[in-house]
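K.L.:
My questions are about this predicted structure, shown below with the sequence.
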Amino acid sequence: MEMKDDVLIEVKHLKKYFLKSQGLLSTLFREDKGYIKAVDDVGFSIRRGEAFCVSGESGCGKTTLGKTILKLIEPDEGQIIYRGEDIAPLEPKEMRKWRTKMQIIFQDPYESLDPRAKVYDSISEPLIVNRLVKSYSETRERVMQALELAGLVPVENYIYKYPHNLSGGERQRVGIATALALEPEFIVADEPSSMLDVSVQANLLALLKRLRKEKNLTFLFITHDLSVAYCFSDRQAIMYLGKIVEIGPTVELAASPIHPYTKALISVVPTIDRVKDQQPIVLRGETPNPDNIPPGCRFHPRCYCKVERCSVEEPKMVEYTPGHYAACWVQEEEKVKKGNELCEKVIL
Amino acid sequence: MKQVKSRIAIKARDLRNFWRDFSANKLGLVGLAILIVFFFLAAFSPWLAPFEPTEIRAGPLMGRPSEVHIFGTDQLGRDIFSRVLYGTRLSLLVGLSAAAIAVVVGTLVGLVSGYYGKASGEALMRFTDLFLVMPFLPLVMVLATLLGRSLFIIMVVIGITSWPWMARVIRSEVLSLKQRAFVERARAIGCSNAHIIRKHILPNTLPLITANAILIIPVAIMAEASLAFIGLGDPLTISWGSILESAFTNNAVTLGLWHWFIPPGLGIVFLSLGFALVGHVIDEVVNPRLRKKGA
Amino acid sequence: MLEIRNLDVEYRVPGGIIKAVNRANLNVAEGGSLGLAGESGCGKSTLGSAIMRILAAEGRISGGSINFDGVDLLGLSEAKMREVRWRDISMIFQGAMNSFDPTMTIENQIAEAIFVHQSSVGRKTALERAWELLRLCEISPTLGKRYPHELSGGMKQRACIAMALILHPRMVIADEITTALDVMIQAQIFRLLRKMKEEFKLAMIVISHDLSVLAENCDHLAIMYVGHIVETGRCHDVLHSPKHPYVKGLQFCIPKFGSNREVIPAIKGSIPSLLSPPPGCPFNPRCPIAIPECQTVPPKLVPIDTDGHSVACHRHDYEGVVWK
């Protein structure tokens, strides 16, 4: 299995559509109107050890994307190339051996743990189910290791507790310990800290950063909170209505966003240190329903600098600076213009 | 072995906590007391009964209550008190067995149809609905006629007419559990469906199963009594229903022989009440914990 | 305009009695905007509900005074308080689910407040006023005939704002109004709120766990911890030159978009349970510069300058680095 450029996972043309109505008739006649295009032709790659963030507002499809990559939701089309092998068409049984490598951290610390399972049971379960341990003492050893890694020390205080005895932050750590027990390489973190207090969130993010360094973990971090994305990730993708509109290095994206949606989002992120002369771009209206996607560029009804072409044709991803891509007709024209000007200058 | 000991210690603590919550509600304790009394009576009826329940002419025919026969005697001179005592055994036996059948079948159907949704789930539910609408009395009458009037038939019939309710209750719980994040997590770590049902779905439905199972028991007891009362009971066994049946066919009401029909009637009422109270309090204790979220 | 002095609020819970708010002291000036911030269990929502005297049945105001325009609200009878509610002070709740009756149309619910408070006003006039307010809140009045579940989250929140302003109150309390909403809608809602504040010359109390949101929308800030107000003052003063160790620690914890990418989990430990709060200063177990006095004597909120910057800390004048 070859890995080019140390790319751990590559997603190509990934699609996941949900049927809107469950009635018998609409299942028989598969019309386009009946689909919710949650993930619509998404592609990107994540390098080993990288923290890649997918951000967007609710309904943009980021959570569906994360779960589809892990095959917790079956993709409709596209490829998910993990370590050189396309896992998209694999059957659930075949996926099991990959699951030890790819894990997930859930958003809701109150829902993601079995209320009737003690901490020990939750963490030992993946080991037992995947037959990674042979004896009870080996299991206990690994469970304690996982708890330590997740910062739940002293271990004895936590090992036999029930979830309802633990705080939100502690429960999230148990979730992390469960994911870590399998010693994965790739973790999808679905809004892991959005339900936690600020100080607890800081602890959790620091833990994830440390784990990333120590264990060389690769992260797909899903969040709607752009501040958290800014502080945690190396590269970022902004999603809107099932498509990626911009993708690039996080810091560069924040400093010089290209796509109008990104520009608007970034301008409204509340921050303590806002420089007063930056006018926030507050868009009108709300994100339309995913079952009613506008033609052409999905963002055009709310866009503040659109042209004719935007309502007709979907823009393609174009590279602006190395590694920084965006899909916007207006920006593309700008870029071409600038490029031509530069060319003229050189010739002259 | 240190871990095993602590697991037992944890289970013991859980039981203590459960008892603490259960006993906080006085009604539950009342129900429990009633049940204990009846279980005692049923267990020790051979020693407690002054006469053999089937002994004909143990006393005067249709005798009134006396020192010897506390509840008098029936039309064949049998001591009613002894018969009522022995009747406890049968009512409990039928109630518990029929409930057991209903619980086992209902839980299985509920689990499978809830977890493996869509086509098979729907099919199972329609099948369940069939049994739900099946009329109790005609079914028993038909079966009794075809297969003879036996205790076993009664138990089976009550069981198969009670399980649909259980199946529906379990199914809806499983449907909602299936959506929860911790089930998704179980799939993410590579658990098979069987494992998830066994380790995650079933334990989380157990409280609901228990509470409902206990509530089915009085239904079964009443069902048996009703059947016996209309003459479809097993003629070879003594049950409260059959005592009531002989009381009514012998005009006990018009003759004012209250000692004949009131004791078995009260027996049915109180035994049902005992189970109902305990069942309701268990449900109350267990459900808030099921839904308990925050620390 | 609003003066809260030594307010105590208790809750009866299965485990005992918890003091949700301890000796709270707050001021809101005429036309001012105060942000009330804190983490879980700090008591900010309780404080908001206490001002309107709409605490849950288990809650009880056990001490102190709430002075609104010279009138002590705690001394009013329930009947008189009902008049004050909505007419003078109104509230916008979190999750519009809490505000709307699913069986009534939006316009009827907004107009309901008029019917209750000004019974002489005819139905048509009341509805017209409701439409006027909906329009001001950037909702087309035709949507007034819809039911709450037919509106999106953002629209519902806007309708909540319209409902809160229908009687032209003098003060509005907004309790976590954008917590469940996306950042763009949050920006829309707060822009609307600021516009309404200008239009109606409102005083505002904005309750939120998100300090960044408060930094952008309020002039003053009060930070709470486990039922105590630990620091108050102008937003800029509190956020950029905090004096309380907790607030200093929070600064490191908040992810700051566009600047330093460091999120340092400065504050160790976890928030104590309200059932057994630490004695003395509630923050003392987690405070790196706690002294013996902190464990016995609860610090009072004292002003440290003439601009209203106040701190409740025995060591507020500590000059060194608190968090390493």
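P.N.:
Received the coordinates, thanks.

K.L.:
Just want the most central residue of the chain.
P.N.:
No chain was given, so I picked chain A. With distances taken as C-alpha atoms, centre = their mean, the residue of chain A nearest its centroid is residue A:222 (3.3 Å).

K.L.:
Let me rephrase: I mean chain C.
P.N.:
Centroid check for chain C by C-alpha atoms, centre = their mean gives residue C:207 as the closest residue, at 2.8 Å.

K.L.:
Okay, now the sheet partners of the helix or strand that residue falls within, with direction.
P.N.:
Taking DSSP states H and E as the criterion, residue C:207 maps to strand C:203-208. Looking at strand C:203-208 with DSSP bridges, its partner strands are strand C:33-38 (parallel), strand C:171-175 (parallel).

K.L.:
quick one, which of the ones you listed is packed in tightest?
P.N.:
Compared across the strands paired with strand C:203-208, strand C:33-38 shows the largest average neighbour count, a mean of 27 (mean count of other C-beta atoms under 10 Å in any protein chain shown). Backbone N, C-alpha and C define where each C-beta goes, glycine included.

K.L.:
Now do it: distance to the chain's middle.
P.N.:
6 Å (C-alpha atoms, centre = their mean, to the nearest Å).

K.L.:
interface residues of chain A facing chain B?
P.N.:
Contact residues, chain A versus chain B (C-beta under 8 Å from any C-beta of the partner chain): A:67, A:70, A:72, A:96, A:99-100, A:103-104, A:106-108, A:110-118, A:125-126, A:129-130, A:136, A:140, A:160, A:164-168, A:175, A:178, A:182.

K.L.:
Provide the secondary structure category for residue C:279.
P.N.:
coil (DSSP: H, G, I helix; E, B strand; the rest coil).

K.L.:
on that earlier part again, is the residue nearest to the centre of chain A in contact with residue A:190, as I believe?
P.N.:
Yes: counting by C-beta atoms under 8 Å, residue A:222 does reach residue A:190; the two are 4.8 Å apart.

K.L.:
Find the residues that touch each one of those two.
P.N.:
The contact sets of residue A:222 and residue A:190 overlap at A:63, A:66 (C-beta atoms under 8 Å, 6 or more residues apart in numbering or on different chains).

K.L.:
Need the pLDDT of residue A:22.
P.N.:
Per-residue confidence (pLDDT) for residue A:22: 53.

K.L.:
no, scratch that, I was asking about residue A:155
P.N.:
Value listed for residue A:155 in the pLDDT field: 87.

K.L.:
how about it, what does it touch?
P.N.:
With C-beta under 8 Å, 6+ apart, residue A:155 has these contacts: A:144, A:147-148.

K.L.:
cool, and residue B:80?
P.N.:
Residue B:80 neighbours (C-beta under 8 Å, 6+ apart): B:69, B:71-74, B:243, B:259-260, B:263.

K.L.:
Which helix or strand contains residue B:9?
P.N.:
Per DSSP H and E: helix B:2-24 holds residue B:9.

K.L.:
Next one, pLDDT for the residue of the stretch 1-150 of chain C found nearest chain A please.
P.N.:
Per C-beta to the nearest C-beta, residue C:39 is where the stretch 1-150 of chain C lies closest to chain A, at 4.0 Å. According to the prediction, residue C:39 has pLDDT 90.

K.L.:
Determine the number of other residues adjacent to it.
P.N.:
Using other C-beta atoms under 10 Å in any protein chain shown, residue C:39 is surrounded by 22 other residues.

K.L.:
I'd guessed it sits against residue A:202; true?
P.N.:
No: Residue C:39 lies out of contact with residue A:202 (C-beta under 8 Å); the separation is 11.2 Å.

K.L.:
How about residue A:225, nearest residue that isn't a chain neighbour?
P.N.:
residue A:194 (6.3 Å; C-beta to C-beta, 6 or more residues apart in numbering or on different chains).

K.L.:
Show me what from chain C comes close to chain B.
P.N.:
Residues of chain C lying near chain B (C-beta under 8 Å from any C-beta): none found.

K.L.:
what bits of chain C have low per-residue confidence?
P.N.:
C:95-98 (pLDDT under 70).

K.L.:
ok, which stretches of it are strands?
P.N.:
C:2-13, C:16-28, C:33-38, C:59-68, C:71-72, C:89-92, C:171-175, C:203-208, C:220-225, C:228-234, C:302-303, C:310-311 (DSSP state E).

K.L.:
Please name whichever of those is nearest to residue C:47.
P.N.:
Residue C:47 sits nearest to strand C:16-28 of all these, at 5.3 Å, using C-beta to C-beta.

K.L.:
elements contacting the closest one?
P.N.:
Helices and strands touching strand C:16-28, by 3 or more C-beta pairs under 8 Å, 6 or more residues apart in numbering or on different chains; DSSP states H and E, are strand C:2-13, helix C:44-51, strand C:59-68, strand C:228-234.

K.L.:
Go through the contacts of residue A:155 and name the one nearest chain B.
P.N.:
Nearest member of these to chain B, counting by C-beta to the nearest C-beta, is residue A:144, at 11.4 Å.

K.L.:
quick one: that closest one from residue C:254, how far?
P.N.:
33 Å (C-beta to C-beta, to the nearest Å).

K.L.:
of those two, who's got more company?
P.N.:
residue C:254 (22 against 19).

K.L.:
Please name the residues that touch the more buried one.
P.N.:
A:198, A:202, A:227, A:272, C:211-212, C:263.
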